[in-house]
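1. sequence? don't have it. structure:
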């Protein structure tokens, strides 16, 4: 499956932004989808995950209550809605796909930069 993330940009602290990830090439609903981010000088971290049909989601503690992940399997797209953004949310955001039954995130898209100014 090929993934393409978009929607990043510059936003002020307290603002909102939605990033999207479009998938192509395989049956989208066979994949759990995840959002990750990597800030300069830091390791990549998991942000959110959504199950293949969207019935289950999980979030890192740092974004819980502020970010929301959703997906539209008819459109092969997954979203990450980011509210109450903080400067520490500044990072390159990546989407990834994990096939049902696989523990590894084998498919990654190019990242999209999110910058939150104070």
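-> Nice, thanks for sending it over. Here the structure is a predicted model, which is why all the values come from computation and not from measurement.
2. give me phi/psi at residue 28?
-> With angles defined as degrees, to the nearest 10, residue 28 sits at phi -60, psi -40.
3. dump the residue contacts of it.
-> 1, 73, 76 (Cβ atoms under 8 Å, 6 or more residues apart in numbering). Glycine gets a C-beta too; all of them are placed from N, C-alpha and C.
4. rerun that using 7 Å as the cut-off
-> Residues counted as contacts of residue 28 (Cβ atoms under 7 Å, 6 or more residues apart in numbering) are 73, 76.
5. next one: it from residue 60, what distance?
-> 23 Å (Cβ to Cβ, to the nearest Å).
6. burial measure for the residue nearest to residue 116 when sequence neighbours are not counted, as a count.
-> Once flanking residues are discounted, residue 116 sits nearest to residue 85: 4.6 Å by Cβ to Cβ, 6 or more residues apart in numbering. Using other Cβ atoms under 10 Å, residue 85 has 22 neighbouring residues.
7. show the contacting residues for residue 85.
-> 11, 13-17, 116.
8. could you rerun that using 10 Å?
-> 11-17, 63, 66-67, 114-117 (Cβ atoms under 10 Å, 6 or more residues apart in numbering).
9. so where do the strands sit in the protein?
-> Per DSSP state E, the chain carries strands over the ranges 2-6, 9-12, 17-24, 31-38, 45-50, 57-59, 67-72, 77-82, 91-99, 107-108, 112-117.
10. could you dump those strands to TSV with mean pLDDT?
-> Conversion of those to TSV gives the following (pLDDT from 0 to 100):
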stretch	mean pLDDT
strand 2-6	95
strand 9-12	98
strand 17-24	97
strand 31-38	98
strand 45-50	98
strand 57-59	98
strand 67-72	98
strand 77-82	98
strand 91-99	97
strand 107-108	96
strand 112-117	98
